[in-house]
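*Asks:* with the sequence up front, the predicted model follows.
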Amino acid sequence: MTAPVIGVLFVCTGNICRSPTAEGAFRAAVAAAGLSHRIRAASAGTHGYHVGEPPDPRSLATARRFGVDLGAQRARQVDADDFTGFRYLLAADHGHLAWLRRRAPAGATARIELMTAFAAEGRGAEVGDPYYGGQDGFDRVWHQVQAAAAGLLLHIQRYDLGGTRDKG
């Protein structure tokens, strides 16, 4: 019997800055832990502004500085199947969190939280939108989502892969 794959979907507005960066940071953490066969990551936007486009060049460059390649990613919009196709839907900020919760269809099984819900530092903080700012915003996003990725991976290892079911 094949073990189930745990799916994580990172969500921001247009899926070109925060969510693809979070996806990349999480994929890197999962790969380093040797768990790519058990955990999958993706990202999407609440809006279809950039569907089919690659991440923002500043997101690409920031991730590349930390050894992560986001180049194959393309923006897409959240769809109804995501609410049952992923175990976790993780929102960049409270606006995205509310959007996801409002649109969750009957029968949705995904756990909907902030990206930082499992972070050791900055738990529950919003990941700010760097789009209209300078490089420092993209650096801040990287550090936030990297911390969030580490905490999420530990959570999944303990509760989803370790056999214990999380009640929270």
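*Replies:* Received, thanks. Just so you know, these numbers come straight off a predicted model, no measurement behind them.
*Asks:* contacting residues around the closest residue to Gly52 other than its chain neighbours?
*Replies:* Here the nearest residue to Gly52 in space, its sequence neighbours aside, is Arg74; by Cβ to Cβ, 6 or more residues apart in numbering that works out to 5.6 Å. Glycine gets a C-beta too; all of them are placed from N, C-alpha and C. Arg74 sits next to Val51, Gly52, Glu53, Pro54 when contact means Cβ atoms under 8 Å, 6 or more residues apart in numbering.
*Asks:* would TSV of those with secondary structure, distance to Gly95 and pLDDT be doable?
*Replies:* Compiled in TSV, the contacts of Arg74 are given as follows (DSSP: H, G, I helix; E, B strand; the rest coil; distance: Cβ to Cβ, whole Å; pLDDT from 0 to 100):
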residue	secondary structure	distance to Gly95	pLDDT
Val51	coil	19	98
Gly52	coil	23	98
Glu53	coil	21	98
Pro54	coil	24	98
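*Asks:* export those residues to TSV and tack on distance to His37 and neighbour count?
*Replies:* Listed next are these as TSV, based on distance: Cβ to Cβ, whole Å; neighbours: other Cβ atoms under 10 Å:
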residue	distance to His37	neighbour count
Val51	29	14
Gly52	28	8
Glu53	29	14
Pro54	26	16
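*Asks:* so how far is Met115 from the residue nearest to Gly52?
*Replies:* Going from Arg74 to Met115 by Cβ to Cβ, to the nearest Å gives 20 Å.
*Asks:* do Thr109 as well
*Replies:* Relative to Met115, and taking Cβ to Cβ, Thr109 is found at 19 Å.
*Asks:* so these two - more neighbours on which side?
*Replies:* Per other Cβ atoms under 10 Å, whichever of Thr109 and Met115 has more neighbours is Met115, with 35 against 10.
*Asks:* tell me which residues in stretch 113-122 are buried?
*Replies:* Buried residues in stretch 113-122, counted by 16 or more other Cβ atoms under 10 Å: Glu113, Leu114, Met115, Thr116, Ala117, Phe118, Ala119.
*Asks:* now the terminal residues of that stretch, how far apart.
*Replies:* With Cα to Cα, to the nearest Å as the measure, the first residue of stretch 113-122 is 14 Å from its last.
*Asks:* contacts for stretch 28-46 next, please.
*Replies:* For stretch 28-46, the external contacting residues (Cβ under 8 Å, 6+ apart) are 3, 5-16, 19-20, 22-23, 26-27, 51, 67-68, 73, 75-79, 82, 86, 96, 99-100, 146, 149-150, 153, 156-157, 161.
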